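Participant: After the sequence you'll find the predicted model.
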Amino acid sequence: MNASPMIDVQSVGLVLDGRAIIKNVSLQVFPGEVLALVGPNGAGKSSLLSIMAGDTPATSGTALLSGSDVTKYRPDQAARLRAVLMQSNQVSFPFTVWEIVEMGRAPWSRTASRGEDNEAIADALGRADVESLTERRFNQLSGGERARVSLARVLAQRTPVVLLDEPTAALDLKHQESVMTTVRDIANQGRAVVVVVHDLSVAAGYADRVAMLDSGRLEAIGAPREVIVSERVSRIYGLEVDIDVAGNPLRPIVLPRR
């Protein structure tokens, strides 16, 4: 790719409580692409995403965001460069859905972009299919509704980098597809998107590239058809699988042997 990477992870390692969580991982994420992070439970996906966000400092190596060490940004600067959706969707106070999504505009409150707030919020509510919930209290929503509202908050932030940790985990089939279509759409606008996904077929269906982690190591990175192959998936996940490429050789579907 000719463009400079928005995220540049250079030989990153992470040790927590004496245990190596991430082991010498290097990768880049470019404007206009979706990179899916996949791997079994405990592989280090969420930890790597947190390092990219600057929320967890790497023990070794460097993570660059827009060319600079991600840990060196002030919080408001970082929040204008990357939006982060973590797995937890808990809120202590009974904010309305509109107020939750409005929080995504906080980084722009003292900038010229604050004039876009209402437009950004309305657009995000529509993309996440939660515009009918604006007056509802967040703590009264179902798990799937909370997940979609949290995604709307991230979308309203309108940052060049979007980091999503399992955005489809609590969603039904319709909303899983809707969220991933939105992920694809915002990347097509020129933003860099990293998404942690458990379903390999979903990752293959929407990502430009897939990075597969195992025990903190980067086992493979590349186009879905290059990374999601039966031998590798069977070995890393400990489950025999077949790969169906009949529908689209570029977008493999993983079928466990039953």
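Facilitator: In hand now; what should we look at?

Participant: residue boundaries of the strands in the stretch 151-258 of the chain?
Facilitator: Per DSSP state E, counting those that start in this stretch, the stretch 151-258 of the chain carries strands over the ranges 161-165, 192-196, 209-214, 217-222, 241-244, 253-256.

Participant: so of those, which one's packed in deepest?
Facilitator: When those are scored by mean count of other C-beta atoms under 10 Å, the highest mean neighbour count falls to strand 192-196 (a mean of 27). C-beta: built from backbone N, CA, C; applies to glycine.

Participant: Direction included, what does it pair against?
Facilitator: strand 34-38 (parallel), strand 161-165 (parallel) (DSSP bridges).

Participant: returning to that earlier point: how about the strands of the stretch 151-258 of the chain in JSON lines, adding distance to Gly32 and mean pLDDT?
Facilitator: Converted to JSON lines, these look like this (distance: least, C-beta to C-beta, whole Å; pLDDT from 0 to 100):
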{"stretch": "strand 161-165", "distance to Gly32": "12", "mean pLDDT": "97"}
{"stretch": "strand 192-196", "distance to Gly32": "7", "mean pLDDT": "98"}
{"stretch": "strand 209-214", "distance to Gly32": "12", "mean pLDDT": "98"}
{"stretch": "strand 217-222", "distance to Gly32": "17", "mean pLDDT": "98"}
{"stretch": "strand 241-244", "distance to Gly32": "27", "mean pLDDT": "94"}
{"stretch": "strand 253-256", "distance to Gly32": "25", "mean pLDDT": "94"}
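
Participant: thinking again about what came up before, to Ile21, which of the strands paired with strand 192-196 lies closest?
Facilitator: Set against Ile21 and scored by C-beta to C-beta, the strands paired with strand 192-196 come closest in strand 34-38, at 13.7 Å.

Participant: Quick one: work out the angle between the closest one and strand 217-222.
Facilitator: Here strand 34-38 runs at an angle of 140 degrees relative to strand 217-222 (axes from the mean of the first three to the mean of the last three C-alpha atoms, to 10 degrees).

Participant: Could you check how far strand 34-38 is from the centre of its chain?
Facilitator: How far strand 34-38 lies from its chain's middle: 7 Å, per C-alpha atoms, centre = their mean, to the nearest Å.

Participant: Output the strands of the stretch 151-258 of the chain as JSON lines; include the columns distance to Leu27.
Facilitator: Output for those, formatted as JSON lines (distance: least, C-beta to C-beta, whole Å):
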{"stretch": "strand 161-165", "distance to Leu27": "13"}
{"stretch": "strand 192-196", "distance to Leu27": "9"}
{"stretch": "strand 209-214", "distance to Leu27": "6"}
{"stretch": "strand 217-222", "distance to Leu27": "6"}
{"stretch": "strand 241-244", "distance to Leu27": "23"}
{"stretch": "strand 253-256", "distance to Leu27": "22"}
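
Participant: sec struct for the nearest residue to Leu155 once chain neighbours are set aside, please.
Facilitator: Counting by C-beta to C-beta, 6 or more residues apart in numbering, Leu155 lies nearest to Ala124, which is 3.9 Å off, once chain neighbours are set aside. Of the three states, Ala124 takes helix under DSSP: H, G, I helix; E, B strand; the rest coil.

Participant: No further questions, thank you.
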